[in-house]
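Novice: I would like to see how this sequence folds:
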Amino acid sequence: MQRRQLEFLSNFHVVAGNERSQAAVMVLAKGDSTGGPENRHESSDQWLYVVSGEGKAVVEQQDYVLKPGTLLLIERNESHAIINQGNAPLKTVNFYVPPAYHGREGAPPSHD
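Specialist: Numbers count the residues shown, from 1 in each chain. Below you'll find the model as predicted:
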């Protein structure tokens, strides 16, 4: 069993996981973005839940509105970008099944 108190302090940080799944928090400042056409997780599905803020996700060149309460599934190998289009930080909780990031915690590569 694992339990974490989530803190939204940095751009991206893996907060918990095991060999089957992984959780991370992400904070994008006003106008910031992450990812792009080459960003994909070849072997992991990503669930993204918006805690606060507003923005958009671009998944396989399709735009999706992000606002508090949005839950988005980015399936394995789908290209994606997350863009903060609001005036406040965009804060998300992300789950990867199986884990997408290995090695140095909190510093993800551009793709796996």
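Novice: got the residue ranges for the strands in this protein?
Specialist: With DSSP state E, the ranges of strands along the chain come out as 12-17, 22-28, 33-36, 45-52, 55-59, 62-66, 71-74, 80-84, 90-97.
Novice: need these in JSON lines with mean neighbour count, can you?
Specialist: All C-beta spots, glycine's among them, are computed from the backbone N, C-alpha and C. Formatted as JSON lines, the entries for these read as follows, by neighbours: other CB atoms under 10 Å:
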{"stretch": "strand 12-17", "mean neighbour count": "17"}
{"stretch": "strand 22-28", "mean neighbour count": "21"}
{"stretch": "strand 33-36", "mean neighbour count": "16"}
{"stretch": "strand 45-52", "mean neighbour count": "18"}
{"stretch": "strand 55-59", "mean neighbour count": "20"}
{"stretch": "strand 62-66", "mean neighbour count": "14"}
{"stretch": "strand 71-74", "mean neighbour count": "16"}
{"stretch": "strand 80-84", "mean neighbour count": "22"}
{"stretch": "strand 90-97", "mean neighbour count": "20"}
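Novice: As TSV, those strands with mean pLDDT and distance to residue 1 would be great.
Specialist: Shown next, in TSV, are the strands of the chain (pLDDT from 0 to 100; distance: least, CB to CB, whole Å):
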stretch	mean pLDDT	distance to residue 1
strand 12-17	94	11
strand 22-28	97	14
strand 33-36	95	30
strand 45-52	98	20
strand 55-59	98	31
strand 62-66	98	31
strand 71-74	98	24
strand 80-84	98	30
strand 90-97	98	17
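Novice: out of those, which comes closest to residue 5?
Specialist: strand 12-17 (9.3 Å; CB to CB).
Novice: would you list the strands of the chain in TSV and tack on distance to residue 5?
Specialist: TSV is the format used below for the strands of the chain (distance: least, CB to CB, whole Å):
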stretch	distance to residue 5
strand 12-17	9
strand 22-28	11
strand 33-36	24
strand 45-52	14
strand 55-59	25
strand 62-66	24
strand 71-74	21
strand 80-84	23
strand 90-97	13
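Novice: Residue 6 is nearest to which of these?
Specialist: strand 22-28 (5.6 Å).
Novice: out of the strands of the chain, which comes closest to residue 3?
Specialist: Between residue 3 and those, the shortest gap by CB to CB is with strand 12-17, which sits at 8.4 Å.
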